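> Starting from these lines, generate the structure:
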Amino acid sequence: MNVFNKTIELNDGRTIKIETGKLAKQADGSVTVTMGNTVLLATVCAAKDAVPGTDFMPLQVDYKEKFSAFGRFPGGFTRREGKPSDYEILTSRLVDRALRPLFPDDYHAEVYVNVTLFSADGEDMPDALAGLAASSALAVSDIPFNGPISEVRVGRVNGEFVINPTFSQIEKADIDIMVGATIDNIMMVEGEMSEVQESDMLEAIKVAHEAIKEHCKAQLELQEAVGKTVKREYCHEENDEELRAAVRAACYDKAYAVSVSGTGKQERIDSFDAIKEEFKAKYTEEELETKGPLIDRYYHDVEKEAMRRAILDEGKRLDGRKTNEIRPIWIETDCLPGPHGAAIFTRGETQSLSTVTLGTKSDEKIVDDVLVHGKDRFLLHYNFPPFSTGEAKSQRSVGRREIGHGNLAHRALKRMIPTDYPYVIRIISDILESNGSSSMATVCAGTLALRDAGVPMKKPVSGIAMGLISENKGTNYAILSDILGDEDHLGDMDFKVTGTKDGITATQMDIKVDGLSYEILEKALAQAKEGRLHILGKITEAQPEARPDLKPHAPRIETIIIGKEFIGAVIGPGGKIIQSIQEKTGTVISIDEVDNKGIVEIAATNKESIDAALRAIKQIVAVPEVGEVYEGKISSIMPYGAFVEFIPGKDGLLHISEIDWKRLETVEEAGLHEGDQITVKLVDIDPKTGKFKLSRRALMPKPEGYQERERPQRPPRTDGGGGGNRFDNRGRR
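Numbers count the residues shown, from 1 in each chain. Model prediction:
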């Protein structure tokens, strides 16, 4: 068994070891990556040939975590890992986005990358190692790949940048980004920040790239040691250069004319399609069986070149805008009566209808991943139905793209929700139209819907998607603000930035071209800030402030703090007392123990219900005080008086002489019966026994001329010291 390994030293003394030749040797490439007690296995397998007719890169990346890696059982009835969690899907997407652009353009064989977490210690974050593991597996295989790459997480903790911070460190970070790159170029950036400046984010990317260079060098050394510097030969495309030239000669000028016409999306699509169909009309159906797919591919290249040249040579974009111009924006808030908050945000041909639902603690999302488990109080779900782009197909279950776009918008907004806000919040963004950056429309519509719901955001957030058209390794380029779908597809960069007026809150960047300089990135960030602030102005113009109060049908929540010792009393045996309060008052009550205190949340749609529940709970946790007046219930009748439950679980004696100012022979004379509600005053607490003495007459006006009757003196008690006479309290032997 030939085992090869390389070690990477981190600045803080930790090491990363890459090893191959021991596990999963039948895969085309296989490595383990180890840091501390965290161990990942990455494998890659590629088909020998491409499926006929495939003209794209069929890459599938799957990141999976085993619960056994952290000594845990999976949840559910089967106690077995099931469908991937959102966290696993997001990690898979991060790796995919860095790898995909580096496969040769003409390589179309199916490639499957699997990265599995087999061991973890709960401190080191394994997703930061997944990109390194996947690229290393490709490096030691014979699969054609223009890498290597690596990915690292960068956190800024107490003003210092940390590479691959731990879980505990990242909780304190004001910058948390994942960066993917080759030795020479940045490929991918994604993360969240606490309103940082553009220069800070750029510095974090530079710090990440320096670390990635060391990772890539180690992979190249491992590749050479294994002997995989020469990759497999393949032929996945058959080309007809004469046909390629004919397509360009016949179609380029027409495509260029459409590119500078400034028409709308559908009209532009129809015009481009008409050019291609006109060229195809020259051929018979039999000829098109072989030439048709080639014409489609060559015409796509012509269309791409025409669009790019129009921007670089004339500064004209597909819809006629200038490079830094934002499409027209219209906004409508409070647009639906049912949700607790709603807004429509439309920018050009992209439209998001976002709604907000406010909930109680029982609505929290339970997170039960391998290393991350807890509860989430802020949720954002993004939906992208086919009709939003005019496609005639059914809507399937939520895909990876929807999870990724929703996560970006979630990260953009979550730090602007006050940490002490008592409500669970769910935003739903339904994309009704799409032509460029629906995730950024979600951020804008989400901000508006939150403010319409009365959520006191720290600051409003807006987002913008930037693009890039460049040539000659970035010596000639144009930065595009608020890109269209075609500009994303045919361009060299998709760079999304969200933030407040004071700084960036989230970002996502995919770069598809080599040689993008930090100077271009800096200019793109500056231009993005201008556009972001312009959009933010439109948002604050439409919704200057958050709604001052919740909508009438939104739940109201009151929070009170009780002593830890009262939690059980409020809940009651088997939840009997709290359930009774909820049923009687029409409220939803939750109790949490935090820092040796009980945090009680009471929710209802009206104040009267909340007040009733508050009174009931305060009675339970109240400490009886002499002189206080209580509403109680008669629990039992005795010849000498009545026992009254004046506080839940606490009974006091209402002596017959304290019921009324007049003399009573029986309790019933006063019209009192078991189960009656009665108002009483606590007049005394026996210091020895702790028994409570109650009075009703103390709350009644004293009758005019009333004289307290004298009570007979009790004879002195004597026992003679040696068995003398004893008397009871009535003077009887």
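> what residue ranges in the protein score low on pLDDT?
Residue ranges of the chain with pLDDT under 70: 474, 515, 708-733.
> in it, which spans are helices?
Along the chain, counting by DSSP state H, helices occupy 86-99, 127-139, 167-170, 198-226, 241-259, 265-280, 285-314, 400-414, 438-452, 485-490, 518-542, 567-571, 576-585, 607-621.
> How far does the third one sit from its chain's centre?
Think helix 167-170. 18 Å (CA atoms, centre = their mean, to the nearest Å).
> Does anything pack onto it? Which helices or strands?
Judged by 3 or more CB pairs under 8 Å, 6 or more residues apart in numbering; DSSP states H and E, the packing partners of helix 167-170 are strand 150-157. Backbone N, C-alpha and C define where each C-beta goes, glycine included.
> now do the fifth one
On a contact count with 3+ CB pairs under 8 Å, 6+ apart, helix 241-259 meets helix 265-280, helix 285-314.
> any chance of the helices of the chain in JSON lines, with mean neighbour count too?
Formatted as JSON lines, these follow (neighbours: other CB atoms under 10 Å):
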{"stretch": "helix 86-99", "mean neighbour count": "23"}
{"stretch": "helix 127-139", "mean neighbour count": "29"}
{"stretch": "helix 167-170", "mean neighbour count": "14"}
{"stretch": "helix 198-226", "mean neighbour count": "19"}
{"stretch": "helix 241-259", "mean neighbour count": "16"}
{"stretch": "helix 265-280", "mean neighbour count": "15"}
{"stretch": "helix 285-314", "mean neighbour count": "17"}
{"stretch": "helix 400-414", "mean neighbour count": "22"}
{"stretch": "helix 438-452", "mean neighbour count": "30"}
{"stretch": "helix 485-490", "mean neighbour count": "20"}
{"stretch": "helix 518-542", "mean neighbour count": "18"}
{"stretch": "helix 567-571", "mean neighbour count": "17"}
{"stretch": "helix 576-585", "mean neighbour count": "16"}
{"stretch": "helix 607-621", "mean neighbour count": "18"}
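> To T182, which of these lies closest?
helix 198-226 (6.4 Å; CB to CB).
> The closest one to strand 150-157, inter-axis angle?
Relative orientation of helix 198-226 versus strand 150-157 (axes from the mean of the first three to the mean of the last three CA atoms, to 10 degrees): 140 degrees.
> what about the strands in the stretch 551-700 of the chain?
With strands called from DSSP state E, counting those that start in this stretch, the stretch 551-700 of the chain shows them at 556-563, 588-594, 597-604, 629-638, 641-647, 650-655, 677-685, 692-695.
> Can you name the residues in contact with the shortest one?
Okay, so that is strand 692-695. If you take CB atoms under 8 Å, 6 or more residues apart in numbering as the criterion, strand 692-695 is touched by 624, 632, 644, 646, 650-655, 658, 680-686.
> Name all residues that make contact with Y640.
H655, I656.
> Revised request: answer the last question for G390.
Residues near G390 by CB under 8 Å, 6+ apart: Q266.
> Would you mind measuring from it to R451?
According to CB to CB, to the nearest Å, G390 and R451 sit 31 Å apart.
> how near is S259 to K25?
Here S259 is placed at a distance of 51 Å from K25 (CB to CB).
> ditto for T32
Remark: distance between T32 and K25 (CB to CB) = 12 Å.
> More neighbours: which of those two?
T32 (23 against 11; other CB atoms under 10 Å).
> OK, contacts around that one?
So T32 contacts K17, I18, E19, T20, K22, L23, V39, L40, L41, A42, A133 (CB under 8 Å, 6+ apart).
> try it again with 6 Å
E19, L41 (CB atoms under 6 Å, 6 or more residues apart in numbering).
> Use 204 as the first number from now on
In the new numbering, first residue 204, that becomes T235.
> can you pull up the bridge partners for it?
When bridges are called by DSSP bridges, T235 pairs up with E222, L244.
> Report the buried residues of stretch 829-841.
Buried positions in stretch 829-841, judged by neighbour count with 16 or more other CB atoms under 10 Å: Y833, G835, I837, I840.
> Give me the nearest residue to the first one, chain neighbours excluded.
Put plainly, it is Y833. Nearest-residue entry for Y833: F849, 4.0 Å, with adjacent residues in sequence omitted and distances by CB to CB, 6 or more residues apart in numbering.
> Now for that neighbour, how many residues are close by?
As a burial measure, F849 scores 26 neighbours (other CB under 10 Å).
> Distance-wise, check it relative to V832.
Using CB to CB, we find F849 at a distance of 9 Å from V832.
> before we move on, back to that, any of the contacts of strand 895-898 buried? List them.
When neighbours are counted using 16+ other CB under 10 Å, the contacts of strand 895-898 contain these buried positions: 835, 847, 849, 853-858, 861, 883-885.
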